[in-house]
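Student: how would this look folded up:
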Amino acid sequence: MSTTAPASAAPKTYSHSEVLSVMTGLLAALFTAMISTTIVSTALPTIMASLNGTQRQYTWVITASLLAMTVSTPIWGKLSDLFNKKVLTQLAIIMFVAGSIAAGFAHEVWLMMVARAVQGLAMGGLIATTQSVMGSIVSPRERGRYSGYMGAVMAVATVSGPLLGGVITDNLGWRWTFFVCVPLAIVALVLLQWKLDLPTIRRDNVRIDYLGAVLLSIAAALPMLWVTFAGSSYDWLSWQTAAFAVAFAIAASLTVFVELRVPEPMLPLRVLNNRTTILMIIASLAVGVAMFGPGVFLTQYFQLGGGYSPTIAGLMTFPMIISQMLSATIGGQIVSRTGRWKPIMVFGATALLVGLGGLGTISHTTPYWQVAIFMAIAGIGVGALIQNIVLAVQNTVDVTEIGATSAAVSFFRSLGGAVGVSVLGAVLTNLVFGNLKDALRAMNIPDSAMGSGGDTNLDITKLPAAIQEAFHHAYSDAFGPVFAISAAVAIITFIAVLLTKEVPLRLTIAKETEPVKIVQGTAEDAVEIPVGNATR
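Tutor: As a prediction, the model looks like this:
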């Protein structure tokens with residue numbers, strides 16, 4: 001029998017042990033996806049060489065995953081406000097496993113791109129539902145504490161992933177870097193079924209914004225398609241660029257028009273009604289570039305630039321990963337104890353700018369210890385910023401919109417990362433091609449030996465030693481300008497954080513208390529508990 005609680009009832013308060021119980025299943029799922037992603041990141045140069053891929057295709061394999069994650073995150077977030085969060089999380093895990101298996105059996109670059117896109121869709125779901133669940137059971141003041149736990153688990157996956165990926169690639173073959181996630185996913189599904197027990201929001205007459213989802217996907221995809229082909233297939237200033245610009249303007253305008261008028265928008269633009277949210281979204285765009293850029297290009301720097309094996313390259317990224325883990329964990333504890341997030345974020349934005357600025361000076365003559373210091377400083381910045389940006393925005397909305405709002409921030413961060421990787425990948429491709437052309441000319445080797453199209457094949461194992469050395473130097477010298485661009489973007493993050501007015505973290509989960517039906521228990525003994533509704 002179900003009963004209705006009075007309108008004045010507050011949302012259920014979860015004890016520390018109950019929150020940890022819920023987090024066990026969530027973190028198991030997130031760990032599975034994170035470690036699978038980091039394992040593959042180290043193996044990707046080997047994968048692309050095995051599939052006869054080029055540098056541009058390398059960028060697109062990464063971009064396919066980021067693009068799918070970007071466009072799907074707000075959709076997953078909105079669905080988590082409307083439907084059962086547990087089922088959505090489990091669905092995301094199953095999708096990730098399917099994409100991983102398809103990638104493991106891929107024998108063509110295009111199939112690898114499709115499989116990575118499926119993985120990206122699943123990652124968007126895991127990111128959105130994890131943040132949504134945490135926002136619905138923990139107050140903003142206490143959330144930093146648990147975000148620290150989440151950051152630590154993510155960092156463990158990030159730390160162990162590159163090394164594990166290198167070991168698997170060197171000993172079992174790169175295909176096993178995808179297959180290894182299957183048993184982990186089974187464990188995560190069991191833990192979720194056992195530990196995750198959340199109220200289900202009962203909504204009558206639910207309307208899914210299908211048109212908004214399509215328009216949002218198109219608007220997010222167009223900039224990445226443009227930067228991928230600009231400079232090679234056509235000039236940066238050309239009629240094709242103008243066509244992309246017009247198409248993007250139309251898609252973005254239609255997206256805003258639709259999302260401001262539908263009752264249940266996929267991307268709730270009304271959350272942009274305060275200064276904190278706007279500035280944090282601007283900051284998240286830049287953090288996306290700064291976060292994904294080093295993660296994608298550092299393994300290339302060590303493998304393609306330095307000629308190191310995947311295992312060694314994984315070990316060489318440890319300074320950034322460990323500093324990111326410590327920064328996220330310690331920063332989360334400080335935020336929870338003080339209730340203040342801005343000092344940590346100012347410190348993080350400064351560290352990010354300094355670290356990326358240092359990486360912007362590297363070349364093939366830079367000693368590893370110097371690169372390691374810059375990586376560690378940049379990692380401190382990423383760890384201090386990534387969770388606190390979401391926390392600052394969550395503090396401005398009610399629990400009933402926590403999923404869509406958190407997903408909106410993640411969307412813009414992923415969009416910045418996806419577009420940034422595309423731009424930086426295009427810059428890297430052109431720089432490598434130019435550097436290699438100059439090196440070959442110095443050795444009196446004709447340009448025709450490089451092929452055409454301004455791209456570089458990544459399989460150099462059959463080339464003479466002198467050309468292999470020129471290849472490594474061409475890559476090493478191209479990464480400095482790439483990181484310098486990332487540092488310039490990080491200035492935007494620094495300014496946005498400085499301009500943000502700090503609002504003390506509230507101690508309650510709900511912003512207001514209005515009745516919304518929440519169902520707990522089985523169908524026979526369900527109990528409806530009202531929770532706070534967001535201010536419209």
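Student: same for the host helix or strand of Lys78, what does it pack against?
Tutor: For Lys78, the element it lies in under DSSP states H and E is helix 55-82. Helix 55-82 sits against helix 16-50, helix 85-104, helix 109-137, helix 210-229, helix 275-300, helix 402-442, with contacts defined as 3 or more CB pairs under 8 Å, 6 or more residues apart in numbering; DSSP states H and E. Bear in mind the C-beta positions are built from the backbone N, C-alpha and C, glycine included.
Student: now do the third one against helix 402-442, angle only.
Tutor: If you take axes from the mean of the first three to the mean of the last three CA atoms, to 10 degrees, helix 109-137 sits at 150 degrees to helix 402-442.
Student: ok, now the fifth one?
Tutor: Using the same axes, to 10 degrees, the inter-axis angle of helix 275-300 relative to helix 402-442 is 40 degrees.
Student: following element in sequence after helix 275-300, please.
Tutor: helix 310-316.
Student: quick one: distance of that following helix to the chain centre.
Tutor: 22 Å (CA atoms, centre = their mean, to the nearest Å).
Student: buried ones in stretch 234-253?
Tutor: Buried residues in stretch 234-253, counting neighbours by 16 or more other CB atoms under 10 Å, are found at Thr241, Phe244, Phe248, Ala251, Ala252.
Student: my read is that the second one contacts Met224, right?
Tutor: Pointing back at Phe244 there. No: using CB atoms under 8 Å as the test, Phe244 is too far from Met224 to be in contact (10.2 Å).
Student: if you average pLDDT over stretch 67-75, what comes out?
Tutor: The average pLDDT within stretch 67-75 is 77.
Student: can you check stretch 352-365 too?
Tutor: 88.
Student: what's the spacing between the most centrally placed residue in the chain and Ala115?
Tutor: When CA atoms, centre = their mean is applied to the chain, the residue found nearest the centroid is Ser414 (5.2 Å). As judged by CB to CB, to the nearest Å, Ser414 and Ala115 stand 19 Å apart.
Student: same question for Thr317.
Tutor: 24 Å.
Student: looking at the two, which one has more neighbours?
Tutor: Between Thr317 and Ala115, counted using other CB atoms under 10 Å, Thr317 has the larger neighbour count: 27 against 23.
Student: for the more buried one, which residues are in contact?
Tutor: Counting by CB atoms under 8 Å, 6 or more residues apart in numbering, Thr317 makes contact with Pro162, Leu298, Thr299, Phe302, Met375.
Student: in CSV, list those along with neighbour count and distance to Pro481.
Tutor: CSV is the format used below for the contacts of Thr317 (neighbours: other CB atoms under 10 Å; distance: CB to CB, whole Å):
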residue, neighbour count, distance to Pro481
Pro162, 29, 24
Leu298, 24, 15
Thr299, 25, 18
Phe302, 27, 18
Met375, 26, 17
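Student: ok, of those, which one's closest to Thr130?
Tutor: Pro162 (22.2 Å; CB to CB).
Student: and the gap between the closest one and Ile62?
Tutor: Distance of Pro162 to Ile62, computed by CB to CB: 15 Å.
Student: need the three-state assignment for Asp266.
Tutor: One thing to correct before we go on: residue 266 is Met, not Asp. coil (DSSP: H, G, I helix; E, B strand; the rest coil).
Student: hang on, the earlier thing: to Tyr58, which of the helices and strands packed on helix 55-82 lies closest?
Tutor: So among these, helix 16-50 is nearest, using CB to CB, at 4.8 Å.
Student: and of the helices and strands packed on helix 55-82, who's closest to Leu172?
Tutor: Closest among those, using CB to CB: helix 16-50, at 10.4 Å.
Student: lovely, talk soon.
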